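Visitor: Return a 3D structure for these sequence lines:
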Amino acid sequence: MNANSLTPPDARAPEGAGSPERILQRLEWQVIRPLDGQLQGDYRSLFYGYGIDFADLREYQPEDDIRYIDWNVTARMDTPYVRQYHEDREVTAWFLVDLSPSMDFGTVQAEKRAVLIDLVGTLGRVMTRHGNRVGAILYSGGRPEQSGRRAARLIPARGGRNHVLWLINDLLRQPRLPKAGFTDLNALLEGALANIKKRSLVFVVSDFISAPGWERTLSLLNRRHEVIAVRLWDPTEVELPDVGPVWLEDAETGEQLYVDTHDPRFRARFAEVAREREESLAATFRRAGVEPWAVSTGEDLVRAIMRFAAARRRRHAGKAAPLPAAKAEVAG
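Guide: Residues are numbered from 1 along each chain as shown. Have a look, this model is predicted:
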């Protein structure tokens with residue numbers, strides 16, 4: 001099927017970007033097929049934890065799994081109680097996509113925007129292949145009152161390969177804005193709070209270069225949904241190469257600065273500021289209770305997804321492990 005037939009002529013992907021069909025075929029061959037071999041069909045390791053909702057409490061029976069003992073209730077009732085869950089195997093996933101100007105940056109192998117399209121296309125196809133639905137909210141920077149346009153575009157959640165083609169096509173069609181005002185992720189996160197009603201798996205895909213104030217909204221979103229913060233980054237954003245005097249331009253505001261990257265003190269200060277920002281973001285994600293996932297523009301996508309799957313298994317295995325008796329008494 002020709003993917004261009006999905007849209008009217010004036011809405012097709014920009015020339016040279018590659019058609020949605022060709023991009024998805026490349027991802028299916030270069031990323032999804034290797035994942036099939038390495039995950040051996042265990043895609044639940046990517047999405048484990050979603051769709052399992054608390055149903056009830058009852059007294060512990062000898063055949064019950066001790067991992068489901070509720071230690072707080074057990075301490076209060078002086079009798080072991082276990083949590084019961086019902087599982088909804090159908091997952092609805094949403095991609096909250098930051099397409100602000102800073103996402104057009106990249107120097108090693110690809111721009112952050114290109115990695116974003118590949119990642120969303122891969123995860124979207126993996127999920128729809130297993131009968132799930134995916135949707136997206138696309139954010140292009142600024143706020144409506146700053147630019148006179150909508151801050152975010154909603155793509156409803158649907159299933160099937162054709163829908164993934166639609167999603168890739170919409171991502172390709174989003175314009176590159178030379179200036180959009182400083183990014184405010186609140187516009188994207190608030191759009192999710194207003195539009196995603198059913199509990200879902202939410203991927204926030206961004207470099208998280210934003211005006212402050214979005215942290216509380218992220219925490220609120222995580223109370224309603226299972227949220228994964230996917231941070232795209234380029235190696236030169238954390239360590240400047242020694243290339244001599246250069247002009248640096250802020251992708252969001254257009255402000256320019258002349259610097260000498262040959263100066264080791266300047267490079268050291270740049271690296272220190274980058275490290276402080278990394279620590280601040282990590283603390284923000286911990287406070288919000290979301291899962292962090294950092295993906296570099298220079299990283300192989302199969303390796304990045306396998307690393308995420310392994311970390312996710314370890315994280316959820318740790319959550320499932322019961323507290324030792326002594327610690328349970330303290331927790332109660």
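Visitor: which stretches of the stretch 101-250 of the chain have low pLDDT?
Guide: Low-confidence segments of the stretch 101-250 of the chain (pLDDT under 70): 108, 142-151, 178-181, 249-250.
Visitor: now the strands for the protein?
Guide: 52-59, 81-87, 92-98, 133-139, 152-158, 201-206, 226-233, 245-249, 256-260, 291-296 (DSSP state E).
Visitor: Tell me which of these lies nearest to residue 31.
Guide: Of all the strands of the chain, strand 291-296 sits nearest to residue 31, with 12.6 Å by CB to CB. Backbone N, C-alpha and C define where each C-beta goes, glycine included.
Visitor: what's next to the closest one, contact-wise?
Guide: Here strand 291-296 makes contact (CB atoms under 8 Å, 6 or more residues apart in numbering) with 108, 115, 119, 227-235, 281-282, 285, 301, 304, 308, 311-312, 315.
Visitor: any chance of the strands of the chain in JSON lines, with mean neighbour count too?
Guide: Output for the strands of the chain, formatted as JSON lines (neighbours: other CB atoms under 10 Å):
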{"stretch": "strand 52-59", "mean neighbour count": "11"}
{"stretch": "strand 81-87", "mean neighbour count": "14"}
{"stretch": "strand 92-98", "mean neighbour count": "25"}
{"stretch": "strand 133-139", "mean neighbour count": "24"}
{"stretch": "strand 152-158", "mean neighbour count": "17"}
{"stretch": "strand 201-206", "mean neighbour count": "25"}
{"stretch": "strand 226-233", "mean neighbour count": "23"}
{"stretch": "strand 245-249", "mean neighbour count": "11"}
{"stretch": "strand 256-260", "mean neighbour count": "11"}
{"stretch": "strand 291-296", "mean neighbour count": "19"}
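Visitor: Which one of the ones you listed lies nearest to residue 37?
Guide: Among the strands of the chain, strand 291-296 comes nearest to residue 37, with 20.7 Å by CB to CB.
Visitor: now residue 277: how far from residue 209?
Guide: 9 Å (CB to CB, to the nearest Å).
Visitor: the more surrounded of these two?
Guide: Counted by other CB atoms under 10 Å, residue 277 and residue 209 do not tie: residue 209 has more neighbours, with 22 against 14.
Visitor: is it true that that one touches residue 102?
Guide: Yes - the pair residue 209 / residue 102 is scored as a contact, 4.8 Å apart, by CB atoms under 8 Å.
Visitor: and the most far-flung residue of the chain relative to its centre, backbone torsions?
Guide: Within the chain, the residue lying farthest from the chain centre (CA atoms, centre = their mean) is residue 78, at 41.8 Å. Phi and psi for residue 78, reported as degrees, to the nearest 10, are phi 60, psi 20.
Visitor: Need the CA coordinates for stretch 224-242. CSV is fine.
Guide: Output of stretch 224-242 as CSV, limited to C-alpha atoms (Å, rounded to 0.1, in the frame of the first residue of the first chain):
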residue,chain,number,x,y,z
ARG,A,224,-3.9,9.0,36.7
HIS,A,225,-1.7,7.0,34.3
GLU,A,226,1.5,5.0,34.1
VAL,A,227,4.0,7.6,32.9
ILE,A,228,7.4,7.0,31.3
ALA,A,229,9.6,10.1,30.8
VAL,A,230,11.7,9.5,27.6
ARG,A,231,14.5,12.1,27.5
LEU,A,232,16.2,12.5,24.1
TRP,A,233,19.6,14.0,24.3
ASP,A,234,22.7,14.6,22.1
PRO,A,235,26.2,14.0,23.5
THR,A,236,27.3,17.6,22.6
GLU,A,237,24.6,18.8,25.0
VAL,A,238,26.6,17.4,27.9
GLU,A,239,30.2,17.8,26.7
LEU,A,240,31.4,20.4,24.2
PRO,A,241,34.0,19.2,21.6
ASP,A,242,37.1,21.3,21.2
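Visitor: Give me the pLDDT for residue 30.
Guide: Listed pLDDT for residue 30 reads 94.
Visitor: what sits against it?
Guide: Contacts of residue 30 by CB under 8 Å, 6+ apart are residue 302.
Visitor: Can you show me the helices along this protein?
Guide: Assigned by DSSP state H, the helices in the chain fall at 20-27, 33-39, 44-47, 71-77, 112-129, 144-147, 161-173, 186-195, 215-224, 264-288, 301-320, 325-331.
Visitor: Include distance to residue 61 when you put those helices into a markdown table, please.
Guide: Formatted as a markdown table, the helices of the chain follow (distance: least, CB to CB, whole Å):
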| stretch | distance to residue 61 |
| --- | --- |
| helix 20-27 | 47 |
| helix 33-39 | 34 |
| helix 44-47 | 26 |
| helix 71-77 | 14 |
| helix 112-129 | 35 |
| helix 144-147 | 56 |
| helix 161-173 | 44 |
| helix 186-195 | 40 |
| helix 215-224 | 32 |
| helix 264-288 | 36 |
| helix 301-320 | 19 |
| helix 325-331 | 19 |
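Visitor: Minimum distance to residue 84: which of those has it?
Guide: helix 71-77 (12.2 Å).
Visitor: which residue sits closest to residue 225 in space, ignoring its chain neighbours?
Guide: Using CB to CB, 6 or more residues apart in numbering and skipping residues adjacent in sequence, the residue nearest residue 225 is residue 202, 4.6 Å away.
Visitor: Actually, residue 285.
Guide: Excluding the flanking residues, the one nearest residue 285 by CB to CB, 6+ apart is residue 292, at 4.5 Å.
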